[in-house]
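Novice: kindly return the folded structure for what I paste below:
(2 chains)
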Amino acid sequence: MSAIITTPKPASTKTVAKDASMVKQKEMMASHYDRLTSAPQSGEKVASTFVPGNLNELIMCFGLVNNLPEVNAIQNGLRRTSGAYVLEAEKIGHSEDVCTYVKSDIGMMAKGNLAPNGKKFPNPDVLLLSYTGCFTFMKWFELLREQYKCETIMLHTPYMGDGKITPNMIEYMVKQLKEEVIPKLERISGVKFDIDRLREYLKKSVKAEEELVWVLQSAKHKPSPIDAYFGGIYYIGPIFGAFRGTDDAIEYYKFLREEVADRLAHGQGPVTPDGDMGGEKYRLVVEGPPNYTSFRQFWKMFYDEGAVVVASSYTKVGGVYDFGFRHDPDKPLETLAEYCLGVYTNRSLPMRIDMLANYVKDYDADGLLINSIKSCNSFSAGQLLIMREVEKRTGKPAAFVESDLVDPRYFSAANIKNRLESYFQMIEQKRAGARAAA
Amino acid sequence: MDASLKTSATAPIVARAQTLFEDLSFTAAREWKAAQPGRKVIGYMPLYVPREIIHAANMLPLGILGGGDQLEVIHGDAYYQSYICRIPRSTVELGVSGRLDFVDGMLFPSICDVIRNLSGMWKMMFPHVYVRYFDVPQNYRDEIGGNYYVNELAELRRDFAELRGQPITDEELRESITLYNENRKLVRELYTFRAERPWLAPAAEVYLVLRAGLVLPVDEHSAMLRAYLGAAKTEERPRRDNCRIVLTGAFCEQPPLNLIKSLELSGCYVVDDDLLLVTRWLTGDVSTEGDPLRSLATAFLHHSESTAAKYEPNEKEKGQHLVRAVVRSAAEGVIFAAPSFCDPALLERPMLQRVLNKAGIPFIAFKYAENSGQMQPIREQAGTFADSIKLWSGA
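Specialist: Modelled structure (predicted):
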């Protein structure tokens, strides 16, 4: 089921192996960028919003096209244009200390605001500030508001500090949706809100969510048919982006599931950029986002050693579905609130520790690896405690590497490779110890 | 302490405040707790918590602002990567070194992701302590954000009532509101006085006197403020040819006291700032009529300071609080002083600078850490800024 395609990137002239689903995902993303950049011609209005707390079903109710600045920054990272954008933003006064997604976005605007398809991004008609799980979002859209001079709608998601969703939180969010978000979106789009239309989209979301969970949980098998971090990033693209609630997403995830089921049936491991991964030597849980400017190089450090990521927190950043949450069409606004409240970075640190420790156990992993991101405090603050606590609870070794999202200055390949190699040795020693004790 | 101050009327007050400031064992708060059985102490971090509710439960609100430049951080660094600000690591140091072992509860207000995550860390590290992430609404409509906030306050009230084993009555809350209204009034008076005659109320002294309010019971602090104001007004001090600046960005991790002193020594009178905002977050009196929680919520929504941790729904209003501060205090410039790696202050800064540019207000910017030791570059920068204002402003 895998296809071989040639990447257009100058970074490598080698052929890159991709699953058919990855090719399909890439086509979906490309079609979305085409739709987005054609908005001035098609007359569609554009809503910029964020991945965590992405209200795609609601946005679609108003016929708006979704634009996600983090995804644009990721694309710039993968295409290796983000470094120049970050420098540009720093040149115009943004601190070297802050989020590089923001600076990549600001720098991209300063340099012509070009989408991955080479066409200009349209100015958004509305900034839907779904403030979920990350403080920086608030400032990011205040900064963009200055540039675009368009309306900004705030949806504040309270933090799950006590590890629970309270009726007060839901009521607060539903009220914001009813009295702030929806009336403003109606006015901006000129489309009357139809709750039944929202219900229909939510029903579609559920189908895709079911398939995604099946795919991610397939990593419990040995060998795992997927890499739930590097490969997982492809898998989450449609549902975390502009496709949740669409037929396209249902079709994609059905296709993906069939592909993974096929790999599972044949006892195959994940497909890597260099083709099928060989034997699975190490099973890891990974916490934190990846580095995107050296994404393939970073991945290679894992699969060259036979390490496969069986579960990751990053693939839960746009929604945590593996503990049973599904969008509920019978409670359309409440379910959107619950979705926003439950995304990974909106969960308290003890909840994150529970999740990761359970992943290590449930996926029979050899340990936890943290990729700590310099410019993402939402993820990074507290990760050293997370590491120690997960180690303590699982008895499995943990390791820590550092890089950044889209700033190439903070990716030190030699350091990371060194640490990973030491980590794999540590796992081997642990195994030898366990064998000796048995 | 300056030898010249020892004979002045403000000296003993400032000396007392400085002793409290330097005491990282929080002896005053320990003594307050020990004075009566059953007393409890609730720590809180920047930016704002409704101290009235803590006080109404007969508990002492204790501001925890990191370890400053006197605390050697040994354990705290093991919890944080190098690219995270210093206040959480020195706060962890205070915790693990036992300096906060008398604190019965900790509130972590909604200010940034670092402090937010620290709330979860504290739960893990100190399981016997009451810990709450204190979320505040970013929606300022009474029937939306207001209702949410009232319910959050009610939960806090229930928790503290449980902690002390007795409900907190409306009457107790109103009495606390009255005391804090008085305290805020005195703080505003002090700020007004300093803006009028900054040579009589040096920034470092104002800071110390204000900071004492994070350790002392509110009535004791109000007495200190009254005494300082009274003494400062009668004092004769030389008026320097300094420029007048507003200091901004220092609302969480505190600058070293030497940094504040250095600004004035290099030619800048600080006539307004965003230090220790909890002491004046609410800009007017909180009503003592009706439901006290609703009154606190109304004040929070409609009469509170603007800062980077808060969403500004109205683009035209963005940064205007700073312009107003400049006008109100007759300042001639703004100094942006932000802690390294401080997301709120550093993300906000370019927006505020554009507003100042538009308003024709000069500014400079630098970063610090609470343990910054080298003041020479800051003195040079602030001195040059002061000179440029003196030489070229209004020319």
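
Novice: contacts and neighbour counts: CA atoms only from here.
Specialist: Fine.

Novice: so which residues of the stretch 201-350 of chain B form strands?
Specialist: Remark: strands assigned in the stretch 201-350 of chain B by DSSP state E, counting those that start in this stretch are B:243-248, B:268-273, B:333-339.

Novice: and A:Gln75, what does it touch?
Specialist: A:Pro116 (Cα atoms under 8 Å, 6 or more residues apart in numbering or on different chains).

Novice: tell me which element it falls in.
Specialist: helix A:69-78 (DSSP states H and E).

Novice: moving C-terminal of that helix, what's the next helix or strand?
Specialist: By DSSP H and E, the next helix or strand past helix A:69-78 is helix A:82-91.

Novice: quick check: angle from that next one to helix A:69-78?
Specialist: 120 degrees (axes from the mean of the first three to the mean of the last three Cα atoms, to 10 degrees).

Novice: pLDDT weak spots in the stretch 1-150 of chain A?
Specialist: A:1-14 (pLDDT under 70).

Novice: just the stretch 301-438 of chain A next, same as before
Specialist: Checking the stretch 301-438 of chain A against pLDDT under 70 turns up nothing.

Novice: at which residues are the helices of it located?
Specialist: A:332-342, A:349-362, A:377-380, A:383-394, A:413-437 (DSSP state H, counting those that start in this stretch).

Novice: give me the residues contacting the shortest one.
Specialist: Counting contacts by Cα under 8 Å, 6+ apart, the residues outside helix A:377-380 that touch it are A:Gly133, A:Cys134, A:Phe135, A:Gly288, A:Thr345, A:Ser372, A:Ile373, A:Lys374, B:Ile84, B:Asp113, B:Val114, B:Asn117.

Novice: I'd like those residues laid out as a markdown table, including distance to B:Lys33.
Specialist: Formatted as a markdown table, those follow (distance: Cα to Cα, whole Å):
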| residue | distance to B:Lys33 |
| --- | --- |
| A:Gly133 | 37 |
| A:Cys134 | 37 |
| A:Phe135 | 36 |
| A:Gly288 | 42 |
| A:Thr345 | 37 |
| A:Ser372 | 41 |
| A:Ile373 | 42 |
| A:Lys374 | 41 |
| B:Ile84 | 33 |
| B:Asp113 | 31 |
| B:Val114 | 29 |
| B:Asn117 | 28 |
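
Novice: just the buried ones from the residues you listed, in PyMOL syntax?
Specialist: Here is the PyMOL selection string for the buried members of those, based on 16 or more other Cα atoms under 10 Å in any protein chain shown:
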select buried, (chain A and resi 133+134+135+288+345+372+373+374) or (chain B and resi 84+113+114+117)
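
Novice: show me which of the contacts of helix A:377-380 is closest to A:Trp299.
Specialist: A:Gly288 (14.2 Å; Cα to Cα).

Novice: and the stretch 201-350 of chain A, which of its residues are near chain B?
Specialist: Neighbours of chain B within the stretch 201-350 of chain A, by Cα under 8 Å from any Cα of the partner chain: A:Ser348, A:Leu349, A:Pro350.

Novice: residues touching the first one, list them.
Specialist: To tie it back to what came earlier, the one meant is A:Ser348. A:Tyr159, A:Met160, A:Gly161, A:Asp162, A:Gly163, B:Asn117, B:Gly120.

Novice: skipping its backbone neighbours, what lies nearest it in space?
Specialist: Once flanking residues are discounted, A:Ser348 sits nearest to A:Gly161: 5.0 Å by Cα to Cα, 6 or more residues apart in numbering or on different chains.

Novice: so that neighbour makes contact with B:Gly120?
Specialist: Yes. A:Gly161 lies in contact with B:Gly120 (Cα atoms under 8 Å); the separation is 7.0 Å.

Novice: restricted to strands, list the contacts of helix A:377-380.
Specialist: Of the positions in those, A:Ser372, A:Ile373 sit in strands, assigned by DSSP state E.

Novice: and the residue of the stretch 151-300 of chain B nearest chain A?
Specialist: B:Asn151 (6.9 Å; Cα to the nearest Cα).

Novice: which residues does that residue contact?
Specialist: Per Cα under 8 Å, 6+ apart, neighbours of B:Asn151: A:Asn168.

Novice: can you give me the neighbour number for B:Ser8?
Specialist: 16 (other Cα atoms under 10 Å in any protein chain shown).

Novice: likewise for A:Ala432?
Specialist: Neighbours around A:Ala432, by other Cα under 10 Å: 12.

Novice: ok, A:Glu146 - how many residues close by?
Specialist: The burial count for A:Glu146: 14, using other Cα under 10 Å.

Novice: which residues touch it?
Specialist: B:Glu315.

Novice: what helix or strand does it sit in?
Specialist: Counting by DSSP H and E, A:Glu146 is found in helix A:136-148.

Novice: likewise for B:Ala365?
Specialist: strand B:363-368.

Novice: contacts (any at all) between chain A and that strand?
Specialist: No. Applying Cα under 8 Å from any Cα, one finds strand B:363-368 out of contact with chain A, separated by at least 10.0 Å.

Novice: what residues of the helix or strand following that strand count as buried?
Specialist: The helix or strand immediately downstream of strand B:363-368 is helix B:376-392, counting by DSSP H and E. For helix B:376-392, burial by neighbour count (16+ other Cα under 10 Å) applies to B:Ile378, B:Arg379, B:Gln381, B:Ala382, B:Gly383, B:Phe385, B:Ala386, B:Asp387, B:Ile389, B:Lys390.

Novice: now stretch A:384-398
Specialist: In stretch A:384-398, counting by 16+ other Cα under 10 Å, buried: A:Leu384, A:Leu385, A:Ile386, A:Met387, A:Arg388, A:Glu389, A:Val390, A:Glu391, A:Thr394, A:Lys396, A:Pro397, A:Ala398.

Novice: could I have that stretch exported to PDB, CA atoms only?
Specialist: Taking C-alpha atoms only, stretch A:384-398 is exported to PDB below (Å, rounded to 0.1, in the frame of the first residue of the first chain):
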ATOM      1  CA  LEU A 384      11.700  17.700  34.200                       C
ATOM      2  CA  LEU A 385       9.300  16.900  37.000                       C
ATOM      3  CA  ILE A 386       7.100  15.000  34.500                       C
ATOM      4  CA  MET A 387      10.200  13.000  33.500                       C
ATOM      5  CA  ARG A 388      11.100  12.000  37.100                       C
ATOM      6  CA  GLU A 389       7.500  11.200  38.100                       C
ATOM      7  CA  VAL A 390       6.900   9.000  35.000                       C
ATOM      8  CA  GLU A 391      10.200   7.200  35.600                       C
ATOM      9  CA  LYS A 392       9.200   6.600  39.300                       C
ATOM     10  CA  ARG A 393       5.800   5.300  38.500                       C
ATOM     11  CA  THR A 394       6.700   3.100  35.600                       C
ATOM     12  CA  GLY A 395      10.200   1.900  36.600                       C
ATOM     13  CA  LYS A 396      11.200   2.600  33.000                       C
ATOM     14  CA  PRO A 397      14.000   5.000  32.000                       C
ATOM     15  CA  ALA A 398      13.300   8.500  30.700                       C
END
